[in-house]
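Student: Provided below are the primary sequence and the corresponding predicted coordinates.
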Amino acid sequence: MGAIGGSVFHLIKGYREAAKGKKLYGSINNMKLKAPITGGNFAVWGCCFAATECTLVYVRKKEDPWNSIANGVGACLVSATIGGVLLAMIEGIGILMTRATASQFDPSNIQFVEDPSQLPQKPSTDPTSPQPPVGFGMTQPHYQ
C-alpha cells in the first residue's frame, strides 16, 4: 500500500513541480526517487502498529476495536512525550545561552571615561612596530 500510494502521490507531485516540456521525465524521476522512501516508511509504521496491536491483544485477551484505539492513544502519548522532552531541551539550552551571553549586553556594565588618554591604545598599523602576539590561548585587548 505504501509503495503504490507513494508512487501515485510522487508521480503527481513530480508532474506538478516539473518544468514545462519536462513533465513526464520529472514525474517519473520524482516517483523513482521518493516512492521507495514512502513505501519503507509505511512498512515501518505498519510493523510498529501491528506489533503494538498484537501485544494489546495478548495482554487484554480480546481482539476488538479498542486495541486499535489504545494503540493510537499510546502512540500519541509516546510521540508527545518525546517531542515535549526534545523541545524542553532545546528551550533550556536557549535559556542557558541567553543567560551566559546577557552580561555583555547589560547597559550597567558600560564604563565611560572622561579622559581619552586613559583608554588602552590600539595597536599601531606600522609594520615595523612590534605587535602583541594573538593566537591560540591569546586574546585581543578589549576597548570600551
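Tutor: Perfect, thanks for sending it. These numbers come from a predicted model, not from an experiment. Residues are numbered from 1 along each chain as shown.
Student: neighbours of Ile69, just the number please.
Tutor: For Ile69, the tally of surrounding residues (other CB atoms under 10 Å) stands at 11. (Each C-beta comes from the backbone N, C-alpha and C, glycine too.)
Student: tell me the SS of it?
Tutor: When classified by DSSP: H, G, I helix; E, B strand; the rest coil, Ile69 comes out as helix.
Student: how close does it get to Val85?
Tutor: 25 Å (CB to CB, to the nearest Å).
Student: do the same with Phe9
Tutor: With the distance defined as CB to CB, Phe9 ends up 32 Å from Val85.
Student: so for the two, which sits in the more crowded spot?
Tutor: The residue with more neighbours, out of Phe9 and Val85, is Phe9; 15 against 10, by other CB under 10 Å.
Student: secondary structure element for that one?
Tutor: Assessed by DSSP states H and E, Phe9 sits inside helix 2-17.
Student: same deal with Cys54?
Tutor: Here Cys54 is assigned to helix 23-60, by DSSP H and E.
Student: just checking, what packs against the strand or helix carrying Cys76?
Tutor: Secondary structure from DSSP H and E places Cys76 in helix 65-102. Helix 65-102 sits against helix 23-60, with contacts defined as 3 or more CB pairs under 8 Å, 6 or more residues apart in numbering; DSSP states H and E.
Student: could you tell me the angle between the helix it packs on and helix 65-102?
Tutor: Here helix 23-60 points in a direction 110 degrees away from that of helix 65-102 (axes from the mean of the first three to the mean of the last three CA atoms, to 10 degrees).
Student: in helix 23-60, which residues are buried?
Tutor: For helix 23-60, the neighbour count (16 or more other CB atoms under 10 Å) marks 26-27, 30-31, 34-35, 38-39, 42, 52-53, 56 as buried.
Student: could you check the angle that helix makes with helix 2-17?
Tutor: Here helix 23-60 runs at an angle of 150 degrees relative to helix 2-17 (the same axes, to 10 degrees).
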